[in-house]
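[1] Show me how the following folds:
(one chain, ligands or ions: 1)
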Amino acid sequence: MTERLLVTGATGTVGDPLVRALADRDASVRVATRSPEHARDAFGDGPEPVAFDLGRPETWGAALAGVDRLFLLYPPGSAVSDVREFADAADRVGVEHVVFLSILGAEKFPVLPHRRIERHLAGTGMDHTFLRASWFAQNLSEIHRREIVERDEIFVPAGDGVLSFTDARDVAAVAARALTESGHADRAYDLTGPAALDFEEVAEIFAAVLDRPIAYADPSRLTFARQMYERGFSPGFVAFMTAEYSVVRLGRSGRTTGDVEAVLGRPPRTVREFVADYADEFRP
Ligand SMILES: NC(=O)c1ccc[n+]([C@@H]2O[C@H](COP(=O)([O-])OP(=O)(O)OC[C@H]3O[C@@H](n4cnc5c(N)ncnc54)[C@H](OP(=O)(O)O)[C@@H]3O)[C@@H](O)[C@H]2O)c1
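    Modelled structure (predicted):
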């Protein structure tokens with residue numbers, strides 16, 4: 001019998017390519033979003049949009065009705081308690097398997113929201129798969145695009161630190177497998193790209209692919225925070241990004257693993273492939 005899948009965060013960086021990847025699979029897909037109209041425009045008639053807001057439990061019942069497997073994420077800024085209570089509701093109505101988007105290294109940080117959610121999920125009756133992803137290459141287009149387009153500059157305060165950039169499309173591909181195949185129950189995958197790169201190397205890749213000079217600015221953390229704030233990012237997000245880049249500066253973000261290849265049977269996408277695929281977004 002065709003299984004019904006519920007994708008939360010379906011309009012997001014991983015959720016969107018996940019919904020598209022699931023179109024090829026024998027599954028009935030319901031996309032959970034606060035903007036069902038937008039989802040209908042984005043995904044067409046295939047998947048079924050449902051109004052869903054973690055902060056409004058009255059939307060949970062319709063989203064979860066008849067669902068066998070769930071893709072769950074922790075929307076930045078949401079309450080951990082809402083995610084936990086939603087997971088309990090999913091367990092109660094008979095969801096069998098939850099695939100949760102987490103963060104690389106989460107197991108080492110007990111107070112991290114993602115780790116607290118992982119521990120809660122492991123205590124439910126559902127099978128679980130944790131996708132512990134490293135920093136998405138898509139942050140370069142979603143957060144840092146403007147400086148690249150307007151100033152030919154990668155403007156992040158990461159010093160000489162390296163990052164094992166993962167492509168969100170690979171995370172989505174792994175999620176699609178975990179949601180539709182057996183063998184992923186009660187597993188955690190550490191999802192990274194194939195290499196750890198510093199931002200000088202990233203700038204060189206941008207310059208080569210876009211065929212124009214792109215520099216790595218490496219501003220101080222204060223200058224970075226001030227500029228992000230002036231660009232309209234919220235104080236909480238600016239603080240989060242600045243803290244993230246502080247970890248990168250310390251050299252803690254370069255671990256690479258073979259988990260993407262082990263699940264997908266092909267190597268993870270490189271930053272060069274990402275820049276080439278998104279090149280139009282980076283042109284002035
Ligand atoms: N960015 C990275 O490098 C990275 C790396 C590893 C892990 N992660 C984790 O991945 C997760 C997603 O982060 P992201 O930055 O990529 O965001 P995102 O998935 O691109 O966007 C957030 C998603 O959450 C949904 N959402 C927001 N508020 C909601 C609410 N109250 N109820 C239901 N859905 C809500 C939004 O859907 P609608 O607006 O359609 O409702 C949107 O699809 C986070 O937990 C993050 O920590 C991120």
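[2] tell me the pLDDT at the closest residue to the ligand within the chain?
    Nearest residue of the chain to the ligand, counting by CB to the nearest ligand atom: Gly12, 2.2 Å away. The way it works is simple: take the backbone N, C-alpha and C, and place the C-beta from them, glycine included. Looking at Gly12, its pLDDT stands at 97.
[3] separation between the spatially closest residue to it that is not a sequence neighbour and His120?
    Closest residue in space to Gly12, ignoring its immediate chain neighbours: Leu73 at 7.0 Å, by CB to CB, 6 or more residues apart in numbering. Leu73 is 14 Å from His120, where distance means CB to CB, to the nearest Å.
[4] what about the residue nearest to Gly12, neighbour count?
    24 (other CB atoms under 10 Å).
[5] got it, and Ala87?
    22.
[6] Give the bridge partners for the residue nearest to Gly12, please.
    Beta-bridge pairing for Leu73 (DSSP bridges): Leu101.
[7] My read is that it contacts Ala10, right?
    No: Leu73 sits out of contact with Ala10 when judged by CB atoms under 8 Å, with a separation of 9.6 Å.
[8] the helices in the stretch 1-150 of the chain, which residues?
    15-22, 36-43, 60-64, 80-92, 113-122, 139-142, 145-151 (DSSP state H, counting those that start in this stretch).
[9] List the buried residues for the shortest one?
    In terms of neighbour count (16 or more other CB atoms under 10 Å), helix 139-142 has its buried residues at Asn139, Leu140, Ser141.
[10] Need those residues in a markdown table (columns: distance to the ligand and pLDDT).
    Conversion of those to a markdown table gives the following (distance: CB to the nearest ligand atom, whole Å; pLDDT from 0 to 100):
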| residue | distance to the ligand | pLDDT |
| --- | --- | --- |
| Asn139 | 5 | 97 |
| Leu140 | 10 | 98 |
| Ser141 | 11 | 97 |
